[in-house]
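Peer 1: quick check, what structure comes out for this input:
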Amino acid sequence: MNIAAIFKAYDVRGKVGVELTPEVAERIGRATAEWLPERGAVVVGRDMRADSAELATSVITGLRLEGRDVVDIGTVTTDMMYFAIGHMELAGGLMITASHNGSDYNGIKIYRDHVTPVGLDTGLADIRDAVLANDFVPSTAEGKLEQASITQAWIEHALSFVDSVHWPHFKVAIDAGNGMAGAILPHILPVLPLEVEEMYFELDGSFPHHEANPMDVKNLRDIITKIKHEQCHFGLAFDGDGDRVMLVDDLGRPVQGSDMLTLISRVVLQQHPGSEIIHDVRTSRATKEFIQQWGGVPVRAKAGRVSIGKIVRERGAPFGGETTGHLFFADNFDADSGLIGALMAIQAIADSGKKLSELVDEYRTYEMIPETNYTVSNPEATLEKLSKEFADGVQDTLDGLTVEYEDAWCNVRASNTEPLLRLNAEARTKTRLEQLLKRVNHVLKP
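Peer 2: Numbering: from 1, shown residues only. Coordinates of the predicted model:
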């Protein structure tokens, strides 16, 4: 068993019972207890997967063996675990989840004090090395265990971001994907002025209807059908651990992540005039132009949940996000949240007085492809070839290779989680976009 391989760029992910076992989970708990910079209690939450409770128990055992007090908040969304760290001022937290991965996977997201994510370059490599060494020295006193519910505090916190009392009546389809959103939504929907068509709210880690990954269009077929059949104003689809949300408009069209950023940025800039909005390198030019038009300052960052959240905090920005649906709010301890993102999107639609489809058409001023993956034998050499091919454009290497022209741009970057190159491209017209893609494919698909 290659334990080191389950430590990814941003978290731990591995096959259930083969790579991520209860024994390994206990070691991760012990290593995290020793590594966390602050003393004090640690929160542990888990999703609804069949083995998540067992893994959580093992993590808790490991933490307590190293003398850490533990607050067990049970079955929660990932953003509730983040909230617990900030709200209760804890030394850190661990969430047992594999997010949108299939049922044969599980994982652990690790955060330190002040809701700071722990990735390979910010401590996870040290935790990995301690797990591999497995030479822990038990504490003289075992940590205490406390059970706690944060549901009501979380709902009140999330509602503080919006003025839901003055929303118009909306009929909404919501697909929880049999994931953790189905646990929290029944607690908040009764206080919202929404008529809801509930879909797959039952917690089921086998994901019987579709993968809990709304970023893949095939997983939106059911909600698109529901929106059209029930004549809903829009739809919301959550991922497995509830920390990301995808919008679908009244015409049944999935709303691109960049348009979601635009939508929420307008609300944020009304609340925080002139502020910075953090976005990743894949974001549409339209989003940046609208942010500027509304008096804000777009700030470009590397893609990745850890990267965006870090820059939101460092620059004191009220909001930031990446096009994959991770949306960060300063007033949420600089952490991301699917629920708050959904509420803010509804607020934006309510404020506009328009249909979501009308807003999407207004915000989509360029032709953009969905992110496209390429398998290449040597990503570094391939990026070098692309750089030569596009020597006539303005280039930068903030995250992979970005090439800018007056009427088009593209970004090609290596995946943080898979052996792939990811392409994002956009142009003023379809013809120009096709010309750009032809040149890219000349290198990526020789």
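Peer 1: if I pick the residue minimising distance to the centre of the chain, what's in contact with it?
Peer 2: Of all residues in the chain, the one closest to the mean position by CA atoms, centre = their mean is residue 326, 3.2 Å from it. Under the criterion of CB atoms under 8 Å, 6 or more residues apart in numbering, the neighbours of residue 326 are 243, 244, 305, 308, 309, 336. Placement of C-beta: from N, CA and C, glycine included.
Peer 1: name the residue most distant from the centre of this structure?
Peer 2: Relative to the centre of the chain, and counting by CA atoms, centre = their mean, the farthest-placed residue is residue 140 at 38.7 Å.
Peer 1: look up the pLDDT of the residue nearest to the centre of the chain for me, please.
Peer 2: You'll see residue 326 listed with a pLDDT of 95.
Peer 1: ditto for the one 5 residues further on
Peer 2: Here the pLDDT value assigned to residue 331 is 98.
Peer 1: so who does it touch?
Peer 2: Listed by CB under 8 Å, 6+ apart, the contact partners of residue 331 are 160, 161, 318.
Peer 1: from those residues, which is closest to residue 20?
Peer 2: Proximity of the contacts of residue 331 to residue 20, judged by CB to CB, is greatest for residue 161, which lies at 34.2 Å.
Peer 1: quick one: that closest one from residue 263, how far?
Peer 2: From residue 161 across to residue 263, the span is 14 Å (CB to CB, to the nearest Å).
Peer 1: helix/strand/coil for the nearest residue to the residue farthest from the centre of the chain once chain neighbours are set aside?
Peer 2: Of all residues not flanking residue 140 in the chain, residue 67 sits nearest, at 7.5 Å (CB to CB, 6 or more residues apart in numbering). Assigned with DSSP: H, G, I helix; E, B strand; the rest coil, residue 67 falls in the coil class.
Peer 1: just checking, residue 67 touches residue 143?
Peer 2: Yes. Residue 67 sits in contact with residue 143 when judged by CB atoms under 8 Å, with a separation of 5.3 Å.
Peer 1: which neighbours do these two have in common?
Peer 2: residue 33.
Peer 1: which one of these two is surrounded by more residues?
Peer 2: The neighbour comparison of residue 67 against residue 143 (other CB atoms under 10 Å) goes to residue 143, with 19 against 16.
Peer 1: quick one, what contacts the nearest residue to the more buried one once chain neighbours are set aside?
Peer 2: For residue 143, the nearest residue in space outside its immediate sequence neighbours is residue 64; the separation is 3.9 Å by CB to CB, 6+ apart. For residue 64, the set of contacting residues under the criterion of CB under 8 Å, 6+ apart consists of 70, 142, 143, 144, 145.
Peer 1: pLDDT of stretch 242-261, averaged?
Peer 2: For stretch 242-261, mean pLDDT is 97.
Peer 1: and it, how far out from the chain's middle?
Peer 2: How far stretch 242-261 lies from its chain's middle: 13 Å, per CA atoms, centre = their mean, to the nearest Å.
Peer 1: before we move on, what about stretch 177-193?
Peer 2: Centre to centre, stretch against its chain (CA atoms, centre = their mean), the figure for stretch 177-193 is 18 Å.
Peer 1: then it to PDB, C-alphas only?
Peer 2: Provided in PDB are the C-alpha atoms of stretch 177-193 (Å, rounded to 0.1, in the frame of the first residue of the first chain):
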ATOM      1  CA  GLY A 177     -27.100  14.800  -5.200                       C
ATOM      2  CA  ASN A 178     -27.800  12.500  -2.200                       C
ATOM      3  CA  GLY A 179     -24.900  14.400  -0.600                       C
ATOM      4  CA  MET A 180     -24.600  16.500   2.500                       C
ATOM      5  CA  ALA A 181     -26.600  19.500   1.300                       C
ATOM      6  CA  GLY A 182     -29.600  17.200   1.800                       C
ATOM      7  CA  ALA A 183     -28.900  17.300   5.600                       C
ATOM      8  CA  ILE A 184     -28.700  21.100   6.000                       C
ATOM      9  CA  LEU A 185     -31.200  22.400   3.500                       C
ATOM     10  CA  PRO A 186     -34.300  21.100   5.400                       C
ATOM     11  CA  HIS A 187     -33.300  23.300   8.300                       C
ATOM     12  CA  ILE A 188     -33.000  26.500   6.300                       C
ATOM     13  CA  LEU A 189     -35.500  26.200   3.500                       C
ATOM     14  CA  PRO A 190     -38.600  26.600   5.800                       C
ATOM     15  CA  VAL A 191     -37.400  30.200   6.700                       C
ATOM     16  CA  LEU A 192     -36.800  31.200   3.000                       C
ATOM     17  CA  PRO A 193     -39.600  32.500   0.700                       C
END
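Peer 1: mind jotting down where the helices sit in the stretch 251-400 of the chain?
Peer 2: Taking DSSP state H, counting those that start in this stretch to define them, one finds helices in the stretch 251-400 of the chain at 257-271, 285-293, 305-315, 338-352, 356-363, 379-389.
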